[in-house]
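Colleague: predicted model and sequence follow; I will ask about them next.
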Amino acid sequence: MIKFLFKRIAFSIPVLFIIALISFILMYAVPGGPFDKEKKLPPEIKANIEAKYHLDKPVWTQFAIYIYSLVLGDMGPSYKYLGRSVKDILKDTFPVSLQLGLLSFMIPLFIGIPLGIIAAVYKNTFIDKITMFTAVLGITIPHFVLGALLILIFAHFLKIFPPALWEGWSNMILPAITLGIGPTAYIARLTRASILEVLHKDFITTAYAKGLPYSKIILKHVLKNALTPIISVMGPILAGLVAGSFVVEYIFSIPGMGRYFITAVTDRDYPLIMATTMVYAVLIIIANIVVDALYKVVDPRVRLE
Amino acid sequence: MSKENQKSKFKIQNLGKRPLTLLSTIIIMLLIFSAILAPLIAPFSYDVQDTANLLKTPDSTHIMGTDKLGRDIFSRILYGSQISLSVGIIATLIAMIIGVLYGAISGYKGGRLDNFMMRIVDVIYALPDILVIILITIIIGRGFLGIVLAISIVNWVGIARLMRGEVLKLKEQLFIESAKALGAGHWRIILRHILPNALGPLIVTMTFRIPAAILSESTLSFIGLGLAPPFSSWGVLANDGWTALRFYPHLLIFPAIIIFITVLAFNILGDELKEAMDPQLRTGGIR
């Protein structure tokens, strides 16, 4: 297990390096610099600023400097929020995105899986059909449509929840639902399919033959074996929820990483864009490693290479 | 030949029994035709300003109301469908071409080249789509072409993976071997023998990719990083409506409904096609 983790982490370092290189080149290829404003700066001042941020050096030197300071834990200064380092900004915004991601992760976990079990148990009945149709709707509905709808209904008409910002629990409900509904629907479908597959296995027939009660068979024998495919998607889903909340953060004006990413793009705040991209990449890589390790825990037959 | 006959018969028979397939096909056809015929159907032009009726809620003249410049929302949605649908379809076609060729070469050649090519795919696959699309549009610009290219660059990797898998499965089969024995070249084998056999899964994927591409464009435009006026894609319209959500919800509701229906219709059709091609799935129904 330790060897496996070590190997996977070692392998992810070149991947991260390549992602850093590609995004750095992408940033560099953009016409116009971060300090080209409508109001022209005097050339000496512009040269001074560029010298300060190493923008006057060749691209490879810039990249080397960037990687060197990144390894030392310095993600550079923000071009837009003067006086604040990218690290400070991420320190403020990442926890918000993490909180939102974790909260919305609860919905597929505690609603998606049970719904899938119910649909599988009542296969081809009305309950199954209505659950699965709702799941299709849930997978399909775009974030901004659902988010706007929820704001309209619950914030503007019913006035139960606030429409924006991130100050307390009441602020978190609507964005968490908006973000979590897609994965919930997806997990429900996956759980149903996975359970139905296990139900056909021989050992389930054996369990029936032994005279075990139905509920016990489902909860103990079936669920345990149906869990593997569900776990394999849970990791990427969690990473996606934490990393993929741009739109939801934008809609609900949540001061998270995603919203800062969007404004960083419009502001051409390259160090901030680079840093957020890297954080997302790291998150997704970690999620994948954790999933593979969890596989082993759930199913001892799985061999880790 | 007889097998193919069976296949097509199977599908047509199914169409009657499967109302969802029929319904989603009709909706998609309606959307496409109304996009093509937009200039004929639309009661107003997309830029005509009815200054006497600003921000009107739906009534008999403006069935979906008007925006802050007095433009008819229904007409703008119709014209917008030209852009939204063509972004979805063109981006998917480009992605299909790149993905199929890339996957075919990777799977067919195998070995080190395959390994190398797939690692590139892994890296692109590892990042959230919308992030990569945004990064690419920073460089190539946010015009129609820029958005289409950015979406295709993200989407081809999934198709390449699928195609590679199909090639790996097919290339060991006997009919490929006999084609080789008859002296067929590599490209002939890939294009004439492997591709037709991989078409089923590719078509299913395409049905899922088109709505995903439409959604990517709308989402980008919605958060203000995609197309901007004078383009009137559904996402641009939704973005317009978003700013006035509180007092004029109809500005957002109608574009939102259209986007939702479109994406839903394509997804249902995809599910149905997938089931039709693989009856085993009928017990399951994983995406």
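Modeller: Nice, I can see it. Residues are numbered from 1 along each chain as shown, chains lettered A, B, ... in the order given.
Colleague: when you work out contacts or count neighbours from here on, use the C-alpha atoms and nothing else.
Modeller: Fine.
Colleague: dump the residue contacts of residue B:97.
Modeller: By Cα atoms under 8 Å, 6 or more residues apart in numbering or on different chains, the contact list for residue B:97 is empty.
Colleague: sorry, wrong one. I was asking about residue A:238.
Modeller: The contact partners of residue A:238, taken as Cα under 8 Å, 6+ apart, are A:101-102, A:105, A:287.
Colleague: rerun at 7 Å
Modeller: Residues counted as contacts of residue A:238 (Cα atoms under 7 Å, 6 or more residues apart in numbering or on different chains) are A:101, A:105.
Colleague: show residues contacting stretch A:201-215.
Modeller: residue A:217.
Colleague: mind checking how far that stretch is from the chain centre?
Modeller: 39 Å (Cα atoms, centre = their mean, to the nearest Å).
Colleague: beyond the helix or strand encompassing residue A:231, next helix or strand please.
Modeller: Secondary-structure element containing residue A:231, defined by DSSP states H and E: helix A:223-243. As assigned by DSSP H and E, the chain's next helix or strand after helix A:223-243 is helix A:246-251.
Colleague: for the helix or strand following that following helix, packing partners?
Modeller: Using DSSP H and E, the next helix or strand after helix A:246-251 towards the C-terminus is helix A:257-267. Applying 3 or more Cα pairs under 7 Å, 6 or more residues apart in numbering or on different chains; DSSP states H and E, we find helix A:257-267 packed against helix A:86-107, helix A:246-251, helix A:270-298.
Colleague: okay, the angle between the longest one and helix A:86-107?
Modeller: The reference is to helix A:270-298. If you take axes from the mean of the first three to the mean of the last three Cα atoms, to 10 degrees, helix A:270-298 sits at 40 degrees to helix A:86-107.
Colleague: mind listing what's buried along helix A:270-298?
Modeller: Buried positions in helix A:270-298, judged by neighbour count with 16 or more other Cα atoms under 10 Å in any protein chain shown: A:270-289, A:291-295.
Colleague: ok, longest helix in chain A?
Modeller: helix A:169-199 (DSSP state H).
Colleague: does it come close to chain B?
Modeller: Yes. With Cα under 7 Å from any Cα of the partner chain as the criterion, chain B is reached by helix A:169-199 at A:189-190, A:192-193, A:196.
Colleague: re the thing from before, and the helices and strands packed on helix A:257-267: which comes nearest residue B:37?
Modeller: Residue B:37 lies closest to helix A:246-251 among the helices and strands packed on helix A:257-267, at 32.5 Å (Cα to Cα).
Colleague: neighbours of residue A:211, how many?
Modeller: By other Cα atoms under 10 Å in any protein chain shown, 10 other residues sit near residue A:211.
Colleague: let me see the confidence value for the closest residue to chain A within the stretch 1-150 of chain B.
Modeller: Closest residue of the stretch 1-150 of chain B to chain A, Cα to the nearest Cα: residue B:139 (5.0 Å). Predicted confidence (pLDDT) for residue B:139: 78.
Colleague: check which element follows the helix or strand hosting it along the chain.
Modeller: According to DSSP H and E, residue B:139 maps onto helix B:129-140. Where DSSP H and E defines the elements, the next helix or strand beyond helix B:129-140 is helix B:144-171.
Colleague: could you list the low-pLDDT ranges of the chain?
Modeller: Going with chain A. Within chain A, the stretches with pLDDT under 70 are A:29-41, A:244, A:301-305.
Colleague: wrong chain, I was asking about chain B
Modeller: Across chain B (using pLDDT under 70), the flagged ranges come out as B:1-17, B:48, B:50-55, B:60-63, B:68, B:70, B:278-287.
Colleague: how about 50 then?
Modeller: Applying pLDDT under 50 to chain B picks out residues B:1-9, B:281-287.
Colleague: longest helix anywhere in it?
Modeller: helix B:73-109.
Colleague: got the buried residues for it?
Modeller: So for helix B:73-109, counting by 16+ other Cα under 10 Å, buried means B:73-96, B:98-108.
Colleague: residue of the stretch 51-200 of chain A nearest chain B, please.
Modeller: residue A:193 (4.1 Å).
Colleague: how many residues are close by that residue?
Modeller: 24.
Colleague: measure it to residue A:119 for me?
Modeller: As defined by Cα to Cα, to the nearest Å, residue A:193 lies at a distance of 9 Å from residue A:119.
Colleague: repeat that for residue A:48.
Modeller: Residue A:48 is 65 Å from residue A:119, by Cα to Cα.
Colleague: before we move on, the earlier item: starting at the chain centroid, how far to the helix holding residue B:139?
Modeller: 18 Å.
Colleague: what's the answer for stretch B:184-201, then?
Modeller: 24 Å.
Colleague: could you tell me the end-to-end distance of it?
Modeller: Stretch B:184-201 has an end-to-end distance of 25 Å (criterion: Cα to Cα).
Colleague: what are the contacting residues of that stretch?
Modeller: B:166-167, B:170.
Colleague: turn the residues you listed into JSON lines, including neighbour count and distance to residue A:129.
Modeller: JSON lines is the format used below for the contacts of stretch B:184-201 (neighbours: other Cα atoms under 10 Å in any protein chain shown; distance: Cα to Cα, whole Å):
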{"residue": "B:166", "neighbour count": "21", "distance to residue A:129": "32"}
{"residue": "B:167", "neighbour count": "24", "distance to residue A:129": "36"}
{"residue": "B:170", "neighbour count": "19", "distance to residue A:129": "36"}
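Colleague: between the residues you listed, which sits nearest chain A?
Modeller: Among the contacts of stretch B:184-201, and counting by Cα to the nearest Cα, the member closest to chain A is residue B:166, at 21.7 Å.
Colleague: ok, and the closest non-adjacent residue to that closest one?
Modeller: Nearest-residue entry for residue B:166: residue B:198, 6.1 Å, with adjacent residues in sequence omitted and distances by Cα to Cα, 6 or more residues apart in numbering or on different chains.
Colleague: and the nearest residue to residue A:70 once chain neighbours are set aside, how many neighbours does it have?
Modeller: Closest residue in space to residue A:70, ignoring its immediate chain neighbours: residue A:76 at 7.9 Å, by Cα to Cα, 6+ apart. Other residues near residue A:76 number 20, with proximity taken as other Cα under 10 Å.
Colleague: for residue A:76, what are its contacts?
Modeller: With Cα under 7 Å, 6+ apart, residue A:76 has these contacts: A:85-86, A:271.
Colleague: alpha carbons only: can I get stretch A:65-84 in CSV?
Modeller: This file holds the C-alpha atoms of stretch A:65-84, laid out as CSV (Å, rounded to 0.1, in the frame of the first residue of the first chain):
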residue,chain,number,x,y,z
ILE,A,65,11.6,31.3,-11.7
TYR,A,66,7.9,30.4,-11.3
ILE,A,67,8.6,26.7,-10.7
TYR,A,68,11.4,27.5,-8.3
SER,A,69,9.3,29.7,-6.2
LEU,A,70,6.3,27.3,-6.5
VAL,A,71,8.4,24.6,-5.0
LEU,A,72,9.3,26.9,-2.2
GLY,A,73,5.6,27.5,-1.6
ASP,A,74,5.4,30.9,-3.2
MET,A,75,2.8,31.3,-5.9
GLY,A,76,3.8,34.8,-6.7
PRO,A,77,2.0,38.2,-6.3
SER,A,78,-1.4,38.9,-7.7
TYR,A,79,-1.3,41.4,-10.5
LYS,A,80,-4.8,42.7,-9.8
TYR,A,81,-5.0,42.8,-6.0
LEU,A,82,-1.9,44.8,-5.4
GLY,A,83,-0.1,44.0,-2.2
ARG,A,84,-1.8,40.6,-1.8
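Colleague: buried residues in that stretch?
Modeller: A:66-67, A:75-80.
Colleague: got a list of what the residue nearest to the spatial centre of chain B touches?
Modeller: Closest to where the C-alpha atoms of chain B average out (Cα atoms, centre = their mean) is residue B:210, at 0.8 Å. When the contact criterion is Cα under 7 Å, 6+ apart, the partners of residue B:210 are B:88-89, B:92.
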